[in-house]
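J.: Sequence first, then the predicted structure:
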Amino acid sequence: MAQQPVRIAPSILSADFAALGQEIAAVTAAGADWIHVDVMDGHFVPNLTIGPMVVKALRKHSALPFDVHLMITPVDPLVPAYAEAGADVISFHPEAGPHVHRTIQLIKGLGKKAGLVLNPATPLAAVEPVLGDLDLVLVMSVNPGFGGQAFIDSQLAKIAALRKAIDALGKPIALEVDGGVNAETAKRCIVAGADVLVAGTAVFGGGPARYADNIKALRS
Ligand SMILES: O=C(CO)[C@@H](O)[C@H](O)COP(=O)(O)O
């Protein structure tokens, strides 16, 4: 399926954690398309963030799709809790469990969209055998764990190769990029073929008065 109009998914990792409900409502009003929720377990990645109870509590603050990126291992035991909490898209890493295809089926069986995430050093080959089973592929353009890192240019070639593979399949698989995305790198991601941009610093920087302009700058 051809590249879709760009959707902007603010990463709430860069929001004010003391006011997450208001932050989500504010980016929703400012024109965001999805809400990106980074779930980190403290050992798959060196940071600890958001449990399913928090996702459930946040759900009522926006009607936008919740795009939940699970940076946890093992992943399968916690997928049902995030599905029940209100995730719409659930993405995981091929390194996070022994049976990638089974995890995709688990997510889809719960009525959710399934995504696979490629770290900067994870090759394209990790997604190829299951590409047709996915609703989304997320290319990490930083090593996951923290916001505010610099975009890794070498990931643009991976995005371009995925664009070709998705177009060849002709399926509506979203191609998402996350990490160091700002108005300048966003352009290069879109040219390479991305159609969902995750951004933390570039959306939440400057406070709520800037959110609408920040989102517009990324989209344009
Ligand atoms: O998942 C992650 C980091 O692990 C990202 O979602 C970051 O939260 C993006 O932050 P910026 O690079 O846009 O500041």
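T.: Thanks, I have the structure now. Numbering: from 1, shown residues only.
J.: Packing partners of the longest helix anywhere in the chain?
T.: Criterion DSSP state H: the longest helix present in the chain is helix 155-169. Packed against helix 155-169 by the contact rule (3 or more CB pairs under 8 Å, 6 or more residues apart in numbering; DSSP states H and E) you find strand 136-140, strand 174-178, helix 183-192. Backbone N, C-alpha and C define where each C-beta goes, glycine included.
J.: Of all the ones you listed, which one is nearest residue 150?
T.: Taking CB to CB, helix 183-192 is the member of the helices and strands packed on helix 155-169 nearest to residue 150, at 9.1 Å.
J.: Measure how the closest one sits relative to strand 136-140, angle-wise.
T.: Relative orientation of helix 183-192 versus strand 136-140 (axes from the mean of the first three to the mean of the last three CA atoms, to 10 degrees): 130 degrees.
J.: ok, the closest residue to residue 3 other than its chain neighbours - contacts?
T.: Distances taken as CB to CB, 6 or more residues apart in numbering place residue 195 nearest to residue 3, at 5.1 Å, with adjacent residues excluded. By CB atoms under 8 Å, 6 or more residues apart in numbering, residue 195 lies in contact with 3-7, 174-176.
J.: If any of those residues are buried, give me the ChimeraX selection for them.
T.: Buried residues within the contacts of residue 195, by 16 or more other CB atoms under 10 Å, are selected in ChimeraX with:
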select :6,7,174,175,176
